[in-house]
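Engineer: can you look at this prediction? I've put the sequence above it.
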Amino acid sequence: MRNGDPRVKLVWVLLCTTGALIFFRPWWMLSLALFTLAGTLAFGAELESLLGRLTRLLPLLAGIFLIHILFVQTGEPLLLIRGFPLVTSDGILRGATTLLRFFVILGCAAVMARENSRRVMAALTRMGIPYLFTFQLMIALRFIPSFTSSFSDARLALQLRGVELDKIPFRKKLRLYADLLLPVVADAVVKSRVLAIAMEARGFGAYEKRTSFLEVRMTPLDWLLTAVLTGLGLAFLGCYFFGWGGL
Amino acid sequence: MTSAIALANVIFRYRQGGFTLSCPKLDFFPGELSLITGANGSGKTTLSQLMCGILQPSQGEVRIFGKSAANLSLGQIGSQVGYLFQNPARQLFSGTVWKEMTLVDELLGRDSKSAACKASRLLEDFGLGHLQERSTYYLSGGEKQRLALCTLLMGGARFLILDEPTVGLDKPNRQILYSVIDSLLAEGRGLAVITHEAELIRRYPQAGRIQVDKGQVAS
């Protein structure tokens, strides 16, 4: 499955992310997270990098969990302060659901990050999506690391001018980051224009139809997996929304 | 004399592997100029980034003005050691030339009058006085190079590391750079300059020479 057709992975990602967006019941989200975990293992995503990303996001995730705990007042009160329900069972369940949603999205990203972007482009083109759109999508995705690197360069340069960012008051730091963001965005725009010129100079778009050396083909196993995943997706949606099977 | 930057038995390996920099012992002193030379990809920039704490050695120790770089934050290092990137556009991020020059002083709450005076003088010295309100995006490569150097000089760094500062500079601008190097040395500041420029090497025959070859540093 690791080297399977990217279309199978795309169907799996579509299934998982759709579930992540529409499921709000905790046990459903837990099932989806386990399903995602199984998929990430089967598709050979790097678990270390997934865990690394989760660790980096830990403060944010903890904050989100805390907000859910504090702001959801329904359910059984678990901690009362002067009669005010500070922590409720619903708050904990909703917080956990949101964290699992993040896990699902990061799991999907880890699987797609491992896939060769040219194969994904070829697969999307075979699915009937115009090449220009898929190409733009891939370029946009490639700009994310460039964007983050520009921002960290700006932070680095500032520190190397003797600014200890940790010691700057929060408000001032917030304004500084807002100031840094604008040139970083402008830099990305300039880079994209340079890239467009460079591509045109190398003949991009000179012919209406584009040929590709790389071709992706669905094997019988890929077709079977796609059918199983599509069936599973429809069954899950039926169970969730229409209560099929008494679920 | 206490060295400004001292590297002892430093070995650096990139996490991705493939390249290792090895530096047995190297000292840089205040008031002295050192020229770092070597072929493309030999490890000059890696060495310079180890010297200013951007990279941490896998083994060995880097000391900056007597203190271990491992115990200093980048901000603390930056207040003593200035670093000019190979691509100066990487270190310019403010809207205008003037804001770029005064940003750090404003952030650190330093005296704005003296900062403005210093900024004006530096911009004039580097031939950028007429560009104060210009966006940094619309500067030419040489202007960006000079502005990045000006921003370093705005701080009180006692040692400066310049990564290929002559790239993109025409002859008159190179002359300005040389006179800046002369005045910095006269002020007692130390400099390490990565360069391929034969003119710069010829101009400073008394400078210390550090040769980097396939990751091996020799002085």
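Structural biologist: Yep, it's here. Residues are numbered from 1 along each chain as shown, chains lettered A, B, ... in the order given.

Engineer: could you list the residues in contact with the helix or strand containing residue B:119?
Structural biologist: Using DSSP states H and E, residue B:119 sits within helix B:112-125. Applying C-beta atoms under 8 Å, 6 or more residues apart in numbering or on different chains, the contact partners of helix B:112-125 are B:97-98, B:101-102, B:105-106, B:129, B:131-132, B:150, B:153-154, B:176, B:180. Backbone N, C-alpha and C define where each C-beta goes, glycine included.

Engineer: sitting in helices, which of the residues you listed do you find?
Structural biologist: Filtering the contacts of helix B:112-125 for membership in helices, criterion DSSP state H, returns B:97, B:98, B:101, B:102, B:105, B:106, B:150, B:153, B:154, B:176, B:180.

Engineer: so what's the first one up against?
Structural biologist: Translated: residue B:97. B:123, B:128, B:131, B:132, B:133, B:134, B:135, B:136, B:139, B:147.

Engineer: picking that back up, closest one to chain A out of the ones in helices among the contacts of helix B:112-125, please.
Structural biologist: The closest of the ones in helices among the contacts of helix B:112-125 to chain A turns out to be residue B:154 (C-beta to the nearest C-beta; 7.5 Å).

Engineer: the helices in the chain, which residues?
Structural biologist: I'll assume chain A. A:6-22, A:26-42, A:47-56, A:58-71, A:89-114, A:117-126, A:131-159, A:170-201, A:220-242.

Engineer: try again with chain B
Structural biologist: Under DSSP H, chain B gives helices at B:44-51, B:74-78, B:97-107, B:112-125, B:141-154, B:171-186, B:198-203.

Engineer: report the beta-bridge partners for residue B:83.
Structural biologist: residue B:161 (DSSP bridges).

Engineer: what comes into contact with stretch A:184-194?
Structural biologist: A:139, A:143, A:146, A:147, A:150, A:151, A:154, B:89, B:93, B:137.

Engineer: gap between residue B:104 and chain A?
Structural biologist: 5 Å (C-beta to the nearest C-beta, to the nearest Å).

Engineer: residue A:113 contacts residue A:44, correct?
Structural biologist: No: contact status for residue A:113 versus residue A:44: not in contact, 11.4 Å apart, counting by C-beta atoms under 8 Å.

Engineer: need the residues of chain A near chain B, please.
Structural biologist: Applying C-beta under 8 Å from any C-beta of the partner chain, we find that chain A lies next to chain B at A:150, A:153-154, A:156-168, A:172, A:176, A:179-180, A:182-184, A:186-187, A:190.

Engineer: 6 Å instead, please
Structural biologist: Within chain A, the residues that sit near chain B (C-beta under 6 Å from any C-beta of the partner chain) are A:153, A:154, A:157, A:159, A:160, A:161, A:162, A:163, A:164, A:180, A:183.

Engineer: let's have these in TSV, adding neighbour count and pLDDT.
Structural biologist: Formatted as TSV, the residues of chain A next to chain B follow (neighbours: other C-beta atoms under 10 Å in any protein chain shown; pLDDT from 0 to 100):
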residue	neighbour count	pLDDT
A:153	19	84
A:154	23	84
A:157	23	87
A:159	21	88
A:160	27	88
A:161	23	87
A:162	23	86
A:163	22	87
A:164	16	86
A:180	19	80
A:183	22	74
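
Engineer: so of those, which two are at opposite extremes in space?
Structural biologist: A:164 and A:183 (21.4 Å; C-beta to C-beta).

Engineer: thinking again about what came up before, top of the ones in helices among the contacts of helix B:112-125 by neighbour count?
Structural biologist: Counting neighbours by other C-beta atoms under 10 Å in any protein chain shown, the top entry in the ones in helices among the contacts of helix B:112-125 is residue B:97, with 27 neighbours.

Engineer: centroid residue for chain B?
Structural biologist: Nearest to the mean C-alpha position of chain B, counting by C-alpha atoms, centre = their mean, stands residue B:161 at 2.6 Å.

Engineer: so it sits against residue B:190, correct?
Structural biologist: No: counting by C-beta atoms under 6 Å, residue B:161 stays clear of residue B:190, with 9.3 Å between them.
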